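[1] the sequence and its predicted three-dimensional model are supplied below.
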Amino acid sequence: MDYDLKLQHKAGSKMIVADALSRCADWSKGIDQDNIDVVTLPNALWIKLVDMELQDAVANTQKNDKLAQEALRGLTDPSVSPSCWTIVLSGSDSSTHLMFYNGCLYISDNLGL
């Protein structure tokens, strides 16, 4: 079977109308604000109180956590601008401290916790 057609390539930059029709009109809406200040869990699911045994376990894992120690150095260095991290002293001797990020207790990446 023989057809009376000849296919010729046409650059996409010259096919503006066809290109516009192949795109969704709202494909770029919200891209600039994507995932800014998004918390995946609602506030009702966050734990508000921690028992003392768990609190001590979290404090001990924070001592060996690279990110928590880096934040602690940043908080104790006066040349570093303020950050979202805070320190809360815990225990009767106040030698143990807990690291908080944006008001939430930082839990180290430890499967035991």
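    Received the coordinates, thanks.

[2] in this structure, what secondary structure element scores lowest on mean pLDDT?
    helix 16-21 (a mean of 64; mean pLDDT, DSSP states H and E).

[3] who are the contact partners of Asn102?
    Cys84 (C-beta atoms under 8 Å, 6 or more residues apart in numbering). C-beta here means a position set from N, CA and C on the backbone, and glycine is covered the same way.

[4] could you pull out the helices for the chain?
    Chain-ordered helices for the chain, with DSSP state H as the definition, fall at 16-21, 52-63, 66-76.

[5] turn the ones you listed into CSV, columns for distance to Ser90 and mean neighbour count.
    Converted to CSV, those look like this (distance: least, C-beta to C-beta, whole Å; neighbours: other C-beta atoms under 10 Å):
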stretch, distance to Ser90, mean neighbour count
helix 16-21, 60, 9
helix 52-63, 6, 16
helix 66-76, 14, 14
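
[6] and the ones you listed: which comes nearest Leu105?
    helix 52-63 (6.6 Å; C-beta to C-beta).

[7] list the helices and strands the closest one packs on?
    Counting contacts by 3 or more C-beta pairs under 8 Å, 6 or more residues apart in numbering; DSSP states H and E, helix 52-63 packs against helix 66-76, strand 96-101.

[8] export the ones you listed to CSV and tack on mean pLDDT and distance to Asn110?
    Below are those laid out as CSV (pLDDT from 0 to 100; distance: least, C-beta to C-beta, whole Å):
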stretch, mean pLDDT, distance to Asn110
helix 66-76, 84, 11
strand 96-101, 83, 14
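
[9] noted, bye for now.
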